[in-house]
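# 3D, please:
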Amino acid sequence: MRVLRGDVAITWVAGYLLVGGMAGQADAGAASDLLLAGPMPAYSSFRSAAVWLQTERPTPVEIRFHPEGQPEAARQMSLATSDPLDGIAMFVLDGLEPGTTYEVELTVDGTRVERPYPFQVKTQPLWQWRTEAPDFTALFGSCAYVNDTPYDRPGKPYGNDFEVFDAMAAQRADLMLWVGDNVYLREVDFHTPEGIRYRYRHSRALPALQRFLASTHHYATWDDHDFGPNDSDGSYALKGASLETFRRYWPAPQYGLPDTPGVFQRVTWADVEFFLLDDRYHRKPNRWPDGPDKTMLGRAQINWLKESLVGSRASFKVVVLGNQVLNPQTRHEGLFHFGADLDELLDWILGQRIDGVLFLSGDRHKTELIRLEPDGGYPLYDFTDSPLTAGVYSFGADDPEAENSVRVDGTLLTEHGFGSLRFEGTRQDRRVTLRACAKDGAVRWQRVIPRKELTFP
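Okay, here's the model as predicted:
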């Protein structure tokens with residue numbers, strides 16, 4: 001609900017109160033000390049965008065924003081962070097114009113925050129019925145472990161190479177997809193809502209992460225470690241608290257369905273749709289007996305995905321899951337161990353002749369491109385990229401994945417890095433370029449997949 005009172009705008013959005021006001025001036029160093037994490041652009045649409053931030057203690061915060069190069073058109077919004085929200089503030093900038101970059105200034109406790117890098121939000125271009133779909137770049141990655149010595153396992157720190165986030169920031173991508181294990185809950189965190197909240201707060205405040213948070217718009221799903229214990233499932237007693245915390249730290253217009261909780265969502269960017277799935281909230285245990293009721297996604301989410309894929313008019317339909325989707329040789333977690341879900345999804349794609357499907361996944365602490373060729377269909381790809389900063393996969397002598405018959409030659413990496421997808425070209429020649437990048441941004445391999453390759457014969 002939005003109400004105008006003179007020149008002050010009051011907006012209620014998802015329980016946050018936003019009140020228009022004016023920014024103050026004071027010591028920038030003090031303001032920076034109060035700012036724990038962010039600001040971070042969250043979702044973006046044609047005429048609105050969200051900005052997330054977090055402060056050390058409850059304090060007034062304010063943003064001033066205007067179209068790039070037009071400071072005379074500036075608008076202000078203010079609110080106060082509070083303890084019940086872990087010092088989190090979420091601004092929704094509405095009434096924006098499509099395809100526009102907005103410069104944003106942040107004030108904390110009356111003091112403008114200075115950063116050695118720009119902070120902007122960008123609305124999506126209104127291209128429909130006007131031009132070709134715009135080219136854009138999406139980054140993705142998983143397994144971001146932030147060390148916390150008192151609560152880590154003894155020995156060598158599990159998290160390292162945090163410079164990967166500076167390399168990602170340098171990409172100036174249009175959006176980032178966090179594909180799970182974005183936070184690693186520890187044993188001391190599993191048993192209380194406060195523990196979950198502490199872990200998210202500690203990880204988000206990593207100094208090396210802040211430039212990247214400011215550099216692009218962020219979307220996320222989860223896997224086991226940011227949901228609960230290792231290999232956790234729908235029996236986790238605090239899954240409701242995990243969901244609540246996740247939603248605070250990754251704002252989105254909608255998660256789940258009115259009658260089905262979870263972190264699954266549908267994101268549209270240009271002529272591409274990303275279907276971010278929830279592989280934990282409704283999951284049966286990995287050791288559940290094989291059969292039709294052994295599900296990873298749950299009936300409601302599967303139906304939602306099937307309906308969404310049929311209804312989508314997107315050139316590319318990118319299905320994003322924390323676990324690998326198409327790897328038949330993994331001994332570890334993956335959709336192949338939930339055969340009823342996988343068979344139903346693949347049969348649906350083939351039976352309904354749904355073009356343009358591509359899978360993204362994380363979790364595995366290694367990077368690879370899996371390629372399956374179902375009878376009567378087109379090649380299906382599962383691009384796995386992992387880890388960002390967590391430990392790297394080590395192959396054992398008898399590991400069946402060392403020589404994987406469905407892995408695209410030359411795509412296996414065991415190092416820190418991130419993935420990139422570049423969508424470009426005209427409607428007749430639309431294509432996506434997959435890139436696996438090292439921690440310094442160097443491209444280790446790339447593969448161009450024309451839209452025409454992902455069509456039925």
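# okay, CA-based contacts and neighbour counts for the rest of this
OK.
# ok, what's across the strand from residue 120?
Counting by DSSP bridges, residue 120 forms beta bridges with residue 103.
# these two touch, right, it and residue 104?
Yes: Residue 120 is in contact with residue 104 according to CA atoms under 8 Å; the separation is 5.5 Å.
# need phi/psi at residue 80.
phi -130, psi 130 (degrees, to the nearest 10).
# the one 5 residues further on too?
According to degrees, to the nearest 10, the main-chain angles of residue 85 amount to phi -100, psi 20.
# tell me how many other residues crowd it.
15 (other CA atoms under 10 Å).
# now it, nearest residue through space, not along the chain?
residue 248 (7.8 Å; CA to CA, 6 or more residues apart in numbering).
# do you know how far the one you found is from residue 132?
Separation of residue 248 from residue 132 (CA to CA, to the nearest Å): 36 Å.
# compare these two and say which is more crowded by neighbours.
Taking other CA under 10 Å, residue 248 and residue 132 do not tie; residue 248 has more neighbours (18 against 15).
# that one is in what secondary structure piece?
helix 239-249 (DSSP states H and E).
# next secondary structure after that helix?
Helix 239-249 is succeeded, C-terminally, by strand 265-269 (DSSP H and E).
# how about that next one: buried residues?
Buried residues in strand 265-269, counted by 16 or more other CA atoms under 10 Å: 265-267, 269.
# stretch 371-383 now?
For stretch 371-383, by 16+ other CA under 10 Å, it's 371-372, 377-383.
# pull the most distant pair out of those residues.
377 and 383 (18.5 Å; CA to CA).
# what sits against residue 193?
Applying CA atoms under 8 Å, 6 or more residues apart in numbering to residue 193 gives the contacts 238, 241-242.
# next, give phi and psi for it.
Torsion angles, degrees, to the nearest 10, at residue 193: phi -60, psi -30.
# buried ones only from the contacts of residue 193, please, as a PyMOL command.
PyMOL command restricting the contacts of residue 193 to the buried ones, with burial defined by 16+ other CA under 10 Å:
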select buried, resi 238+241+242
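# export the contacts of residue 193 to a markdown table and append columns for pLDDT.
Output for those, formatted as a markdown table (pLDDT from 0 to 100):
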| residue | pLDDT |
| --- | --- |
| 238 | 98 |
| 241 | 98 |
| 242 | 98 |
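# tell me which of the contacts of residue 193 is nearest to residue 139?
Set against residue 139, the nearest of those by CA to CA is residue 242 (24.7 Å).
# just the helices in this structure please.
Assigned by DSSP state H, the chain shows helices spanning 28-34, 164-169, 193-204, 210-215, 239-249, 299-311, 339-351.
# which one, of these, ends up nearest to residue 156?
Here helix 193-204 is closest among the helices of the chain (CA to CA), at 18.4 Å.
# show me this protein divided up by domain.
Using automatic domain parsing, the domain parsing of the chain gives 2-122, 136-454.
# mean confidence score for the first one?
If I follow you right, that is domain 2-122. Throughout domain 2-122, pLDDT has a mean value of 80.
# show me where the stretch 51-200 of the chain has strands.
Per DSSP state E, counting those that start in this stretch, the stretch 51-200 of the chain carries strands over the ranges 60-67, 75-80, 88-93, 101-108, 111-112, 120-122, 136-141, 175-179.
# so which of those is nearest residue 187?
Here strand 175-179 is closest among the strands of the stretch 51-200 of the chain (CA to CA), at 22.1 Å.
# if we can go back for a sec, between the buried residues of strand 265-269, which is nearest residue 69?
Once CA to CA is applied, the member of those that ends up nearest residue 69 is residue 269, at 25.0 Å.
# could I get the contacting residues of the closest one?
Residue 269 makes contact with residue 124 under the criterion CA under 8 Å, 6+ apart.
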